[in-house]
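1. My questions concern the predicted model and sequence given below.
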Amino acid sequence: MKIKQLLPVVLLVVVLIVGYWGISFAQAPAKQFTPEPTVVLNEKASDLPKAAVLESEMLTATLAPGEVSIWHTHASPVFAYTISGEYIVDFKSGQPSITIPAGKAIKEPINAVVRARNPSSTVPAQLVLFQIRKPGTAFLDPVSK
């Protein structure tokens with residue numbers, strides 16, 4: 001028998017052996033699992049707006065070292081998560097300031113006059129901000145000093 005005639009027979013035998021023994025050359029499927037989420041904030045809220053339609057907005061923000069925002073209010077609560085660095089929420093009312101370090105979150109109160117500031121002189125503060133509000137409502141309302 002010539003090699004050209006023998007080659008199809010050899011290939012057929014290999015295919016049959018592989019199929020019979022269940023040998024698979026495909027990659028094994030990835031192990032499936034459900035990651036366990038880490039709760040960073042769990043708070044009841046009765047001050048969310050009530051309307052037939054609401055809009056949600058998620059933002060990222062970076063406060064440069066030493067940067068301070070304007071005094072402002074929020075008509076709807078803002079949920080803020082610190083990715084890196086830390087920032088401080090000051091209250092114009094004199095209420096004690098709140099420091100939110102990396103990995104922590106806060107629900108900023110509505111209608112309170114607040115500002116955000118980065119206390120570090122070297123490290124930026126990176127934040128994720130989330131708000132649910134009535135359409136057409138501003139994220140924040142500036143307050144004059």
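-> Cool, got the structure.

2. how much space is there between Gly136 and Val143?
-> When distance is defined by CB to CB, to the nearest Å, Gly136 is 20 Å away from Val143. The C-beta positions use only the backbone N, C-alpha and C, and glycine is treated the same way.

3. ok, the two, which is more surrounded?
-> Here Gly136 and Val143 are set side by side on neighbour count (other CB atoms under 10 Å), and the busier one is Val143, at 13 against 6.

4. Can you check the pLDDT for that one?
-> With respect to pLDDT, Val143 scores 95.

5. can I assume it is in contact with Val113?
-> Yes. Here Val143 lies in contact with Val113, judged by CB atoms under 8 Å, at a distance of 5.1 Å.

6. Which neighbours do those two have in common?
-> Shared between the contact lists of Val143 and Val113 (criterion: CB atoms under 8 Å, 6 or more residues apart in numbering) are residues 71-73, 92.

7. Turn these into a markdown table, columns for pLDDT.
-> What follows is the shared contacts of Val143 and Val113, written out as a markdown table (pLDDT from 0 to 100):
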| residue | pLDDT |
| --- | --- |
| Trp71 | 97 |
| His72 | 97 |
| Thr73 | 97 |
| Lys92 | 95 |
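
8. Which of those residues are buried? Put it as a PyMOL command.
-> Selecting only the buried members of those in PyMOL, with burial defined as 16 or more other CB atoms under 10 Å, works like this:
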select buried, resi 71+72+73
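
9. and the shared contacts of Val143 and Val113, which of them are in strands?
-> Counted as lying in strands by DSSP state E, out of the shared contacts of Val143 and Val113, are 72-73.

10. out of the shared contacts of Val143 and Val113, who's nearest Ala61?
-> Each of those was scored against Ala61 by CB to CB, and His72 proved nearest at 12.9 Å.
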